[in-house]
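Student: Need a 3D model of the sequence below.
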Amino acid sequence: MAALQNDVKAFIVQALACFDTPSQVVEAVQKEYGVAVTRQQVETHDPTKTSGKGLAKRWVTMFEDTRKRFREETADIPIANRAFRLRAMNRFVERAETMKNIGLALQILEQAAKETGDIYVNRARKEEVGDEPVIPTRIQVDVVDARKPNAEP
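Tutor: Numbers count the residues shown, from 1 in each chain. Presented below is the predicted three-dimensional model:
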């Protein structure tokens with residue numbers, strides 16, 4: 001295993017801190033620096049892995065700072081915003097309905113229901129009054145044939 005220059009090490013540490021996989025980092029290092037590294041060599045630069053436990057303090061600090069900044073900056077990415085995702089899903093549902101693709105429309109509606117029900121949120125919301133967590137509401141969509149009047153689901 002060849003010794004890496006500090007700029008390559010910094011690149012690897014920052015990429016791993018941004019949740020890139022070792023395989024992705026190997027390809028990026030090859031493309032950016034023309035240096036061939038192995039996945040195992042890349043993993044030694046990740047302090048969250050067993051193979052990276054002996055990583056120098058300066059690289060651990062860089063990793064932690066980069067990861068913290070990366071997590072804070074996700075708010076600037078439109079798709080990380082729930083309103084953006086719901087607007088996109090709304091456009092997709094409308095397009096699926098015009099194409100008469102009811103199955104796809106239902107899948108998108110289910111995804112939107114999960115999104116609004118906080119299925120994918122990794123935190124418990126609190127009500128304004130009291131300490132009881134808000135329990136997500138289950139949403140069920142019934143398809144009714146609009147061609148038949150008084151049709152029941």
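
Student: Which element, helix or strand, includes residue 58?
Tutor: Residue 58 is part of helix 57-73, with elements assigned from DSSP states H and E.

Student: just checking, what packs against that helix?
Tutor: Helices and strands in packing contact with helix 57-73 are listed as helix 6-17; criterion 3 or more Cβ pairs under 8 Å, 6 or more residues apart in numbering; DSSP states H and E. Every C-beta, even on glycine, is put in place using the N, C-alpha and C of the backbone.

Student: got the buried residues for stretch 50-61?
Tutor: By neighbour count, and taking 16 or more other Cβ atoms under 10 Å as the criterion, the buried residues in stretch 50-61 are 52, 55, 59, 60.

Student: got TSV for these, with distance to residue 29 and pLDDT too?
Tutor: Compiled in TSV, the buried residues of stretch 50-61 are given as follows (distance: Cβ to Cβ, whole Å; pLDDT from 0 to 100):
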residue	distance to residue 29	pLDDT
52	16	89
55	17	92
59	15	95
60	20	94
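
Student: Save those residues as TSV, and put in distance to residue 107 too.
Tutor: TSV is the format used below for the buried residues of stretch 50-61 (distance: Cβ to Cβ, whole Å):
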residue	distance to residue 107
52	39
55	43
59	43
60	43
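
Student: thinking again about what came up before, next structured bit after the helix holding residue 58?
Tutor: Using DSSP H and E, the first helix or strand after helix 57-73 is helix 82-98.

Student: Going by neighbour count, which residues of stretch 13-26 are buried?
Tutor: Neighbour-count burial for stretch 13-26, with 16+ other Cβ under 10 Å as criterion, is recorded at 13, 14, 15, 16, 17, 20, 22, 25, 26.

Student: now the helix holding residue 58 against helix 6-17, angle please.
Tutor: With axes from the mean of the first three to the mean of the last three Cα atoms, to 10 degrees as the basis, helix 57-73 and helix 6-17 are set at 40 degrees to each other.

Student: Helix 57-73: how far from the chain's middle?
Tutor: A distance of 18 Å separates the centroid of the chain from that of helix 57-73, by Cα atoms, centre = their mean, to the nearest Å.

Student: dump the residue contacts of residue 52.
Tutor: With contacts taken as Cβ atoms under 8 Å, 6 or more residues apart in numbering, residue 52 has the following neighbours: 43, 44, 45, 46.

Student: make it 6 Å
Tutor: The neighbourhood of residue 52, defined by Cβ atoms under 6 Å, 6 or more residues apart in numbering, consists of 44, 46.
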